[in-house]
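Novice: Below: sequence and its predicted model.
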Amino acid sequence: MLKVQKMFLNLVALLLLGSALVLVFQNMDIPEQHVQFLGGTLIDLPLGALLAGVELMVGASILLKAWERTLDLGNQYKKASRDLERKDVSREEAESKVKVLENKVETLEKALSAALKSQQSR
């Protein structure tokens, strides 16, 4: 599922980049647009370049968000894997302790039986 989402987002990014390039070339002949900020002109660019810049920023933000989500999912997967390994190890330890105790009980039963037999034979 994760690879499908990654491929889809890469495809969206490529489409955005392609459409940005098409817009740049189609709108280069439109007169320059003034980008104003707080009453002053920041830059004078053709409309195509402005549209391409906006699309590139949107595409980059989508890819960054997708990358962040991918990292989060990867971290969650690693954490879940470590938790399962810990549970498996603790389960194995508990089983080992039970076997050791069973062996001790068996040894004590044999010793008790041997002691009772030796006492009865006297």
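Specialist: Good, I have the coordinates. As the structure is a prediction and not an experimental result, all values here were calculated from the model.
Novice: how close does the residue nearest the centre of the chain sit to Asp88?
Specialist: Computing the C-alpha centroid of the chain and ranking residues by C-alpha atoms, centre = their mean puts Gly74 first, at 2.0 Å. Noted for Gly74: a distance of 21 Å to Asp88, by C-beta to C-beta, to the nearest Å. Where you see a C-beta, it was placed from the backbone N, CA and C, and this is true even at glycine.
Novice: With Gly59 instead?
Specialist: From Gly59 to Asp88 the distance is 43 Å (C-beta to C-beta).
Novice: what about the residue nearest to the centre of the chain, which helix or strand?
Specialist: Applying DSSP states H and E as the criterion places Gly74 in helix 47-120.
Novice: Let me know the pLDDT of the residue nearest to the centre of the chain.
Specialist: Looking at Gly74, its pLDDT reads 82.
Novice: Kindly report the same for Trp67.
Specialist: Looking at Trp67, its pLDDT reads 78.
Novice: can you offset everything so residue one is 611?
Specialist: Right, with 611 as the first residue, what we last looked at is Trp677.
Novice: State the number of residues packed around it.
Specialist: Neighbourhood size, Trp677 [other C-beta atoms under 10 Å]: 12.
Novice: Give me the distance between it and Gly628.
Specialist: Plainly put, Trp677 is 20 Å away from Gly628 if you go by C-beta to C-beta.
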